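**Student:** Structure, please.
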Amino acid sequence: MHTALRLGVRAAERVREINPTCHIAFYGLYAHLNAEYLLQHLADSVIAGEFESALVALVQDLEAGKAGHVEGVAQRARPAGPVLRRLPFVLPSRTGLPPLTQYAHIERDGRRDLSGYVEASRGCLHHCLHCPIPPVYGGRFFVVPKEIVREDIRRLVQAGATHITFGDPDFLNGPRHSLAVIRALHAEFPAVTFDFTAKVEHILERRALFPELGRLGCAFMVTAAESMSDTVLANLEKGHTRADIREALRIVRDAGIAFRPTWVAFTPWTTLADYFDMLDFVEAEGLIDHVDPVQYSIRLLVPPGSALVESRAMIPYLGRLTPEAFSYEWAHPDPRMDELHRTITAMLQRAAEEEEDPAVTFYEVRKLAEAAVGKAPTAMPAVPATRRARPPRLTEPWFC
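**Tutor:** Model prediction:
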């Protein structure tokens, strides 16, 4: 995602210093969206979509002493679109990678256990305007064969994983395939839990699946709620409403699954009242421990190639493209919102470094929002920090 690209650029710059003549290839969603800048300044090749075969072909071509002019590989003066054809999937190899202890863990019941990551599908059927997937996949998705996913999970469990996180952009794009994978997982490893990500829209459409998902070991699920404002949701073309979010919460809770919403807390259309509405929803529904605090600072990202660039709702606020930041600038019509974003971001960074209790952080966020509108700060209620039961989560927060 965007964070990965920024880290990748720093790593590639160091690689270039060490070995000026090496061939540097970037691959992934944001690599494609920022291909022009990357190819001008750092990259020799950029690959997007179903990248593996093109990446292997590039390496083979270079090893043969050729120029690396391979189908699906963009290079300077040689543009190429995303690779959007089904691959002959093979079992992922983790040989040479660090052990699972070096990756994100599942945190539950006051302890941290090993977690493994797999993908049962890639791409997405939907076209949410702010998402980096539609400009690359164009509404297509590809399933990974069940037996490959099953063997990948088997090896992760043998390596110590007691939880599997499915990295699919939306695990319920292909519900029959997903259920087949989960049923096989539970039949072989009934004590292993899992989590996944799915749209609010799919929670409502596939509500009948959730009791079984709960029984099969779903510990929690992530959904991009984004906002409690119907105006914001419409401008992002999310396909759901604030009422739908409440219904999705009920469906997931009734199945015994922890509901972990994510937010785009700051957009050009988000008012201070909207921001309070999000906080009120989180508090009233008992979701404070279900939301990673970083979510209260997420600001709408508009990368080059984003569908938002041509959105009528976005155009009035869109500033210049800052290529080195991999995004367009935009300013909120209410300066208080941009200032609130800056203060909350700084506070959350400090809170994360100190591993502050999320409940304490939540009420600090609320106090900053109240200060922005001149309200007296809300007193934080007594929170049994050491005794309260917290929902399961990954130790590395999900955000793009």
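
**Student:** A helix includes Val222, no?
**Tutor:** No: when classified by DSSP: H, G, I helix; E, B strand; the rest coil, Val222 is found to be strand rather than part of a helix.

**Student:** Looks like it contacts Thr197 (just checking).
**Tutor:** Yes: taking C-beta atoms under 8 Å as the definition, Val222 is a contact partner of Thr197 at 4.4 Å. For every residue, glycine as well, the C-beta is placed using N, CA and C.

**Student:** Output stretch 34-53 as PDB, nothing but the C-alphas.
**Tutor:** As requested, C-alpha coordinates have been extracted for stretch 34-53 and formatted as PDB (Å, rounded to 0.1, in the frame of the first residue of the first chain):
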ATOM      1  CA  ASN A  34       3.100   6.100  -9.300                       C
ATOM      2  CA  ALA A  35       5.000   4.400 -12.100                       C
ATOM      3  CA  GLU A  36       5.800   7.600 -14.000                       C
ATOM      4  CA  TYR A  37       7.600   9.100 -11.000                       C
ATOM      5  CA  LEU A  38       9.300   5.900 -10.000                       C
ATOM      6  CA  LEU A  39      10.600   5.200 -13.500                       C
ATOM      7  CA  GLN A  40      11.900   8.800 -13.800                       C
ATOM      8  CA  HIS A  41      13.800   8.800 -10.500                       C
ATOM      9  CA  LEU A  42      14.600   5.300  -9.200                       C
ATOM     10  CA  ALA A  43      13.000   2.300 -10.800                       C
ATOM     11  CA  ASP A  44      14.100   0.400 -13.900                       C
ATOM     12  CA  SER A  45      10.800  -1.600 -14.000                       C
ATOM     13  CA  VAL A  46       7.300  -1.500 -12.600                       C
ATOM     14  CA  ILE A  47       4.800  -4.300 -12.600                       C
ATOM     15  CA  ALA A  48       1.200  -4.400 -11.400                       C
ATOM     16  CA  GLY A  49      -1.700  -6.800 -11.100                       C
ATOM     17  CA  GLU A  50      -1.000 -10.500 -11.100                       C
ATOM     18  CA  PHE A  51       2.800  -9.800 -11.100                       C
ATOM     19  CA  GLU A  52       4.500 -13.100 -10.400                       C
ATOM     20  CA  SER A  53       5.000 -14.500 -13.900                       C
END
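
**Student:** Show the average pLDDT along it.
**Tutor:** Stretch 34-53 carries an average pLDDT of 96.

**Student:** buried sites along it?
**Tutor:** 34-35, 37-39, 43-51, 53 (16 or more other C-beta atoms under 10 Å).

**Student:** before we move on, what about stretch 132-150?
**Tutor:** For stretch 132-150, the buried set under the neighbour-count rule, 16+ other C-beta under 10 Å, comprises 132-137, 140-144, 148-150.
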